[in-house]
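Asker: Sequence and predicted structure, then a few things I'm wondering about:
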Number of protein chains: 2
Amino acid sequence: MTFDTLENAAAGTQTPLAEVLEHIPFNSEGLIPAVAQDADSREVLMLAWMNREALARTLDEGYACYWSRSRQSLWRKGETSGHQQRLHELRLDCDGDAVLLLVKQTGPACHTNRPSCFYLLVDNDQVRVTSEPV
Amino acid sequence: MTFDTLENAAAGTQTPLAEVLEHIPFNSEGLIPAVAQDADSREVLMLAWMNREALARTLDEGYACYWSRSRQSLWRKGETSGHQQRLHELRLDCDGDAVLLLVKQTGPACHTNRPSCFYLLVDNDQVRVTSEPV
């Protein structure tokens, strides 16, 4: 199996997860970008990074686990803040080089205590802050 | 201005776009990940990459323009397929290292002719194809 072979597959086609995970093209740092989207509001909450272990733990434990590039360590989202992301659904894209998590978010997703990290809106020649810390 | 200084800013605070763009921490390849979300359905459509010029063109032209890592060239999404993404809204995240585009998508977003690139759903120990090419 390669991601190419799934491109023309009919809806409903299944492939063993273990085999798919073997083919994920982690980047030179061993990472893949992961987008977290609120399963209810459908708001995009954040973009973070996963290595092979973070992805495996997310699937095993049912809560989002990322790789912190600043701390160079596994980062169980909400471990200290309590702002966990319970996994509702995990998807891979056509090339297997991006992850989409649909999550049930507890509290704000952003470290600034805003609901989403994407609070900086480009409005013509200005950038506007669109939400307050909660 | 740095992204840090905007963390505690009240909603409505504005900063010149030119200054914000100067501080985007493009990676070692000069790229930043960009997530495209359908402005109407709120479906996450794809994750691609932008360099400084792709980001500037997206804002100038009002249609998503990415950097193709495989072709190593600017990629005006839909230039050949017609499956353009008209820009509805562009946001940056708290650290300025990810872009979120809300777009009006023409046709399927994925090169496989599926509506979204995220059609590979993890379901226990299997990965299932969840949509057909249209």
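Answerer: On my side now, so go ahead.
Asker: and after the longest helix anywhere in chain A, which helix or strand comes next?
Answerer: The residue-count maximum for a helix in chain A (DSSP state H) belongs to helix A:52-61. Note on helix A:52-61: by DSSP states H and E, the next helix or strand toward the C-terminus is strand A:65-68.
Asker: Mind checking if that following strand is in reach of chain B?
Answerer: No: judged by C-beta under 8 Å from any C-beta of the partner chain, strand A:65-68 and chain B are separated, with a smallest distance of 12.1 Å. (C-beta placed from N, C-alpha, C; glycine too.)
Asker: pLDDT on that strand, on average?
Answerer: Across strand A:65-68, pLDDT averages out at 98.
Asker: cool, stretch A:55-62 as well?
Answerer: So the average pLDDT for stretch A:55-62 ends up being 98.
Asker: where along chain A do the strands fall?
Answerer: A:14-16, A:32-38, A:44-50, A:65-68, A:73-76, A:85-92, A:99-105, A:120-123, A:126-129 (DSSP state E).
Asker: Quick one: those strands as JSON lines, columns for distance to B:Thr80 too.
Answerer: Formatted as JSON lines, the strands of chain A follow (distance: least, C-beta to C-beta, whole Å):
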{"stretch": "strand A:14-16", "distance to B:Thr80": "30"}
{"stretch": "strand A:32-38", "distance to B:Thr80": "25"}
{"stretch": "strand A:44-50", "distance to B:Thr80": "27"}
{"stretch": "strand A:65-68", "distance to B:Thr80": "35"}
{"stretch": "strand A:73-76", "distance to B:Thr80": "39"}
{"stretch": "strand A:85-92", "distance to B:Thr80": "25"}
{"stretch": "strand A:99-105", "distance to B:Thr80": "26"}
{"stretch": "strand A:120-123", "distance to B:Thr80": "27"}
{"stretch": "strand A:126-129", "distance to B:Thr80": "32"}
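Asker: re earlier: outside of the longest helix of chain A itself, list whatever touches it.
Answerer: A:17, A:21, A:24, A:26, A:30, A:32, A:34, A:50, A:64-67, A:74-76, A:87, A:90, A:99, A:101, B:122 (C-beta atoms under 8 Å, 6 or more residues apart in numbering or on different chains).
Asker: Let's see that with 7 Å instead.
Answerer: With contact meaning C-beta atoms under 7 Å, 6 or more residues apart in numbering or on different chains, helix A:52-61 is reached by A:Phe26, A:Gly30, A:Met50, A:Ala64, A:Cys65, A:Tyr66, A:Trp67, A:Leu74, A:Leu87, A:Leu90, A:Val99, B:Val122.
Asker: Quick one: end-to-end length of stretch A:119-134, please.
Answerer: Using C-alpha to C-alpha, to the nearest Å, the end-to-end distance of stretch A:119-134 comes to 13 Å.
Asker: Sorry, wrong one. I was asking about stretch A:102-121.
Answerer: End-to-end for stretch A:102-121, by C-alpha to C-alpha: 23 Å.
Asker: is that stretch anywhere near chain B?
Answerer: Yes: on the criterion C-beta under 7 Å from any C-beta of the partner chain, stretch A:102-121 is in touch with chain B at A:Cys110, A:His111, A:Thr112, A:Cys117, A:Phe118, A:Leu120, A:Leu121.
Asker: How about the contacts made by A:Ala39?
Answerer: Here A:Ala39 is in contact with A:His88, A:Glu89, A:Leu102, A:Val103, A:Lys104 (C-beta under 7 Å, 6+ apart).
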